[in-house]
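Asker: let's see this in three dimensions:
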Amino acid sequence: MNPLTLLAAIGRLVLGGLAALGRLTIFAAQVVSHLFRPPFYPREFGHALAQVGWFSLPVVGMTAVFTGGALALQIYSGGQRFSAEAVVPQIVAIGMVRELGPVLVGLMIAARVTSSIAAEIATMKVTEQIDALVTLSTDPMKYLVTPRVLAGALTVPLLVAVGDVIGILGGFLVSTETLGFNRATYVQRTVDFLETPDVLSSLVKGAVFGAIATLIGCYYGMRSGRGAQGVGSATKGAVAAASILILAANFVLTSVMFGS
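Answerer: Residues are numbered from 1 along each chain as shown. Have a look, this model is predicted:
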């Protein structure tokens, strides 16, 4: 391949990525500007709270409990190599609260909520319901996007808190019932090892991941193409983009909070 052709292809890819990032940034700025301006739609906000938060509890709980249990087994197995099995409670606690809890909840929200929002808004666009909102003098950004992004930023930290607790509980059950740990000692070591910054970092990550997941779902839904293929492409692209951005944001937040 001609080096100039390869360079041109790389240039087009970079410019396309920067253009997409710019469009997403403008979209996010518009959402933030609408948060504080009336009219407000409490009914849509309540519906978004239920969709993002309440209905996500089962998948979050199941994911967390199995992850906590598997983490306890892995730490115990690895710790046996250098006689450090006693660190299971501490590592399960900090691993779930700092990293696994927020990231897994964020990815579950991306899989469940981002895809749902993107498909719903894209379908509304295909069936011209968004055009109907404009005809009725209703701003689609205020009515469809802002309530969902706000609900994601508020409810996902609560889901992360629940996931952290359930994940630690999963590690506790496996450790005490299978690995022979004393229950009181396990709980005491968990409580003594966790610090307030660990919990706060988990909640901050949850808020950021929730905002990212819902924002990306709305963005791809509003920009979807026409027809069933457009809905499918919007849904697929939204899940992929939300997952990548959540992992990237996790790295940035971890570097800022614990890099030193």
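Asker: please make it C-alpha for all contacts and neighbour counts, starting now.
Answerer: Fine.
Asker: let me see the contact set for the residue nearest the centre of the chain.
Answerer: In the chain, the C-alpha nearest the mean C-alpha coordinate belongs to residue 106, at 2.2 Å (CA atoms, centre = their mean). Residue 106 makes contact with 156, 206, 209-210, 213, 243, 246, according to CA atoms under 8 Å, 6 or more residues apart in numbering.
Asker: equivalent analysis for residue 173, please.
Answerer: Applying CA under 8 Å, 6+ apart to residue 173 gives the contacts residue 69.
Asker: and residue 158, by the same measure?
Answerer: Listed by CA under 8 Å, 6+ apart, the contact partners of residue 158 are 203, 206.
Asker: buried residues of stretch 124-131, list them for me.
Answerer: Residues of stretch 124-131 classed as buried by neighbour count (16 or more other CA atoms under 10 Å): 124-126, 130-131.
Asker: if we can go back for a sec, so the residue nearest to the centre of the chain is in which element?
Answerer: Taking DSSP states H and E as the definition, residue 106 sits inside helix 101-109.
Asker: mind listing what's buried in that helix?
Answerer: Here helix 101-109 shows 101-109 as buried, counting by 16+ other CA under 10 Å.
Asker: and for stretch 251-260?
Answerer: 253-254.
Asker: contacts for that stretch?
Answerer: By CA under 8 Å, 6+ apart, stretch 251-260 touches 201, 205.
Asker: so for it, mean pLDDT?
Answerer: Averaged across stretch 251-260, pLDDT comes to 86.
Asker: when you give positions from now on, start the count at 48
Answerer: With the count now opening at 48, the last piece we talked about shows up as stretch 298-307.
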